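Engineer: kindly generate the corresponding structure for this input.
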Amino acid sequence: MVGEDSRELEMKSGRDVGKEHLATLEAFIKSGATPPLGRDGGVNLTELEKLTGIPRSSFYQNPAVKSLIRQVWQPKAPSASPTPEEGAGQVDAASTNVEERKSQRLERRVQALEQQNAALVAEAYELRRQVKELRQQLGREDMTIDTGRRVPRPETTPS
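Structural biologist: Numbering: from 1, shown residues only. So this is what the prediction gives:
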């Protein structure tokens, strides 16, 4: 009995699992289903994961799955197929565009945070000034109580 239970619990090797994922993807492609597309026109891997049941990490780490996705669903130019150098240039241009948008978004975020920081610094300065003024006023009131004489507020000169 112990031997039968252990056979049922045998774990598959990573290679076997990878082959199963490749077979599942091939079956999905042969079914004629259209791939889910993302905003950038590429395949939306999260949605493809939901449709096929293949973990998203396999789309990145399994070279066979990755190349199959590129071969089948990569947008093709109307002219002759690009050379490997041109293909790399297209991928670089697309990744540069994505990186540029990310960079612009981060720059806007930094600018907004800098503005917020400047406003908070100005507010902190004003609050410190008010605290100083209130401490002086409290000191004058204490002197009035101790001496019985009113201590006038100092005249401020405009700067």
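Engineer: let me see the domain layout of the protein.
Structural biologist: 14-75, 98-149 (automatic domain parsing).
Engineer: residue nearest the centroid of the chain?
Structural biologist: Central residue of the chain (Cα atoms, centre = their mean): residue 102, 8.8 Å from the mean position.
Engineer: winner for burial among the domains of the chain?
Structural biologist: Counting by mean count of other Cβ atoms under 10 Å, domain 14-75 has the highest mean neighbour count of the domains of the chain, with a mean of 14. Where C-beta positions appear, they are placed from N, C-alpha and C, glycine not excepted.
Engineer: per-residue confidence averaged over that domain?
Structural biologist: Across domain 14-75, pLDDT averages out at 81.
Engineer: centre of the chain to that domain, how far?
Structural biologist: Per Cα atoms, centre = their mean, to the nearest Å, the displacement of domain 14-75 from the mean C-alpha position of its chain is 23 Å.
Engineer: distance to residue 156 added to the domains of the chain, as TSV?
Structural biologist: Shown next, in TSV, are the domains of the chain (distance: least, Cβ to Cβ, whole Å):
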stretch	distance to residue 156
domain 14-75	59
domain 98-149	10
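Engineer: need phi/psi at residue 44.
Structural biologist: phi -80, psi 100 (degrees, to the nearest 10).
Engineer: state the mean pLDDT of the one helix or strand the residue nearest to the centre of the chain maps to.
Structural biologist: Assessed by DSSP states H and E, residue 102 sits inside helix 84-147. On average, the pLDDT along helix 84-147 is 87.
Engineer: what is it packed up against?
Structural biologist: Applying 3 or more Cβ pairs under 8 Å, 6 or more residues apart in numbering; DSSP states H and E, we find helix 84-147 packed against no helix or strand.
Engineer: how much space between the residue nearest to the centre of the chain and residue 116?
Structural biologist: Distance, residue 102 to residue 116, using Cβ to Cβ, to the nearest Å: 21 Å.
Engineer: repeat that for residue 31.
Structural biologist: 52 Å.
Engineer: with adjacent residues omitted, what lies nearest to residue 72?
Structural biologist: residue 29 (5.6 Å; Cβ to Cβ, 6 or more residues apart in numbering).
Engineer: what sits up against the helix or strand containing the one you found?
Structural biologist: Here residue 29 sits within helix 14-30, counting by DSSP H and E. Contacts with helix 14-30, where a contact means Cβ atoms under 8 Å, 6 or more residues apart in numbering, come from 12, 51-55, 58, 62, 64-65, 68-69, 72.
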